[in-house]
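**Q** Generate coordinates for the sequence data below:
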Amino acid sequence: MASFEKLYHETEMNVREAVHRFSELKSRYEHLNRENEELRAEVSDLRERLAETEEKLKLVELTSTIIDKGDKTELKKQINDWVREIDNSIKLLSGK
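**A** Just a heads-up that it's a prediction; the model follows:
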């Protein structure tokens, strides 16, 4: 009978150890799953930002090739004129 009790206790200890390991693995799995979701969201965000940056770079390169040095000065002057005109319109609309 002693060997049956010994076998029973060993089996019980093995089951408890298996349950404990399962619990640890489940917790680790959930943690890794959350981390994976966060990293996927970060990758998605970085891809969007990269696409936006590439579009901006294309615009800058296109603008640089289209506009030569003299045209840049004229363009800056035109933009400054537009900004002044917008500022004046805002003042008129706000009643100042």
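**Q** use CA for all of it now, contacts and neighbours both
**A** Noted.
**Q** how about the helices of this structure, start to end?
**A** Assigned helices in the chain, in chain order: 2-66, 69-94 (criterion: DSSP state H).
**Q** With mean neighbour count added, can I get those in a markdown table?
**A** Listed next are those as a markdown table, based on neighbours: other Cα atoms under 10 Å:
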| stretch | mean neighbour count |
| --- | --- |
| helix 2-66 | 12 |
| helix 69-94 | 11 |
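**Q** Lowest average pLDDT across the ones you listed?
**A** Here those differ in mean pLDDT, and the lowest is helix 69-94 at a mean of 81.
**Q** now for that one, which elements pack on it?
**A** Of the remaining helices and strands, none touches helix 69-94 by 3 or more Cα pairs under 8 Å, 6 or more residues apart in numbering; DSSP states H and E.
**Q** how big is the angle separating it from helix 2-66?
**A** Put simply, helix 69-94 runs at 100 degrees to helix 2-66, going by axes from the mean of the first three to the mean of the last three Cα atoms, to 10 degrees.
**Q** how far is helix 69-94 from where the chain is centred?
**A** Its chain's C-alpha centre and that of helix 69-94 lie 36 Å apart, by Cα atoms, centre = their mean, to the nearest Å.
**Q** Next: stretch 18-26.
**A** Relative to where its chain is centred, stretch 18-26 has its mean C-alpha point 33 Å off (Cα atoms, centre = their mean).
**Q** go on, stretch 39-47?
**A** 4 Å.
**Q** As PDB, could you dump the C-alpha coordinates of that stretch?
**A** The C-alpha trace of stretch 39-47 is given here as PDB (Å, rounded to 0.1, in the frame of the first residue of the first chain):
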ATOM      1  CA  LEU A  39       4.400  46.200 -32.200                       C
ATOM      2  CA  ARG A  40       2.100  45.600 -35.100                       C
ATOM      3  CA  ALA A  41       0.400  48.900 -34.400                       C
ATOM      4  CA  GLU A  42       3.800  50.600 -34.200                       C
ATOM      5  CA  VAL A  43       4.900  49.100 -37.500                       C
ATOM      6  CA  SER A  44       1.700  50.200 -39.100                       C
ATOM      7  CA  ASP A  45       2.200  53.800 -37.800                       C
ATOM      8  CA  LEU A  46       5.800  53.800 -39.000                       C
ATOM      9  CA  ARG A  47       4.700  52.600 -42.400                       C
END
